[in-house]
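S.K.: all I have is the shape, not the residue letters:
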């Protein structure tokens, strides 16, 4: 696997936002497809790489990584035969099986919303599959579309996820947690400035701030663009629990 490496310590603080937004995640290379976008997604939850056959499937995996109720997921978990119409039988393979922490599972098909809206036959197929899967497997069957999330929300997830696999540093993580615990509300910039007056040290800490956010994701508003002014608000954790 080829890793993308950027020495953040050599960059001026004013450029850090643009640089971080343009980092590339490392994924295993596979053969190109000229029909659709294919590849492998590095899953933190599954501790492995998950194959995807469209950008929307990749976005779905990202979506699942940030869903705290999701325990694990797997692509194309099974193939089934179902009665379609006029005694015809068809084979179908769901895109994803999702296992939740509440000891339940769901099968998902990933489709763009306009594909479903413009295809009456596809709508009927989904209806038939939903009934078949419930009867035969006692599982809910759901459709994930591009309407399940906003563009800004997905951009934020992709940005934060770049810092999931950074090397562990208990020293940095504990120092960041201590600063955050001292205030109900604090911005990213205020955190790194509290950690050090030295710009190089600030840049060394910054990836670990985003990593901390990934592990405490409810502390920020994912519907707003992430910048150095983004605020971590512990009151959001309290509101979620109420």
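M.R.: Cool, got the structure. Quick caveat: nothing in here was measured; it's all calculated off a predicted structure. Numbers count the residues shown, from 1 in each chain.
S.K.: what ranges do the helices span in this structure?
M.R.: Using DSSP state H, the helices of the chain run over residues 16-21, 55-65, 113-117, 120-137, 151-161, 170-181, 188-195, 199-215, 235-241.
S.K.: quick one, which of those gets closest to residue 222.
M.R.: helix 151-161 (4.9 Å; CB to CB). Any C-beta I mention is one placed from the backbone N, CA and C, and that applies to glycine too.
S.K.: in the closest one, what counts as buried?
M.R.: Buried residues in helix 151-161, defined by neighbour count with 16 or more other CB atoms under 10 Å: 153-154, 156-157, 159-161.
S.K.: just stretch 167-187 next, same as before
M.R.: Here stretch 167-187 shows 172-173, 175-176, 179-180, 186 as buried, counting by 16+ other CB under 10 Å.
S.K.: tabulate those residues (CSV), appending pLDDT and distance to residue 45.
M.R.: What follows is the buried residues of stretch 167-187, written out as CSV (pLDDT from 0 to 100; distance: CB to CB, whole Å):
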residue, pLDDT, distance to residue 45
172, 97, 23
173, 96, 19
175, 97, 26
176, 97, 22
179, 95, 28
180, 94, 24
186, 96, 28
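S.K.: what's the closest of those residues to residue 104?
M.R.: residue 173 (32.1 Å).
S.K.: from residue 96, how far out is the spatially closest residue to residue 95 that is not a sequence neighbour?
M.R.: The shortest distance from residue 95 to any non-neighbouring residue, by CB to CB, 6 or more residues apart in numbering, is to residue 110 (4.6 Å). Using CB to CB, to the nearest Å, residue 110 is found at 7 Å from residue 96.
S.K.: name the residues contacting each of these two.
M.R.: Both residue 110 and residue 96 are in contact with 57, 60, 144, where contact means CB atoms under 8 Å, 6 or more residues apart in numbering.
S.K.: with these in mind, which one is nearest to residue 84?
M.R.: residue 144 (22.5 Å).
S.K.: wouldn't the closest one be in contact with residue 63 here?
M.R.: Yes - judged on CB atoms under 8 Å, residue 144 makes contact with residue 63 at a distance of 7.5 Å.
S.K.: looking at the two, which one has more neighbours?
M.R.: Shown here are residue 144 and residue 63; by other CB atoms under 10 Å, residue 144 has more neighbours (20 against 16).
S.K.: distance of the residue nearest to the spatial centre of the chain from residue 45?
M.R.: Computing the C-alpha centroid of the chain and ranking residues by CA atoms, centre = their mean puts residue 62 first, at 2.2 Å. Distance of residue 62 to residue 45, computed by CB to CB: 11 Å.
S.K.: and if you look at residue 138?
M.R.: 24 Å.
S.K.: same thing with residue 83?
M.R.: Residue 83 is 35 Å from residue 45, by CB to CB.
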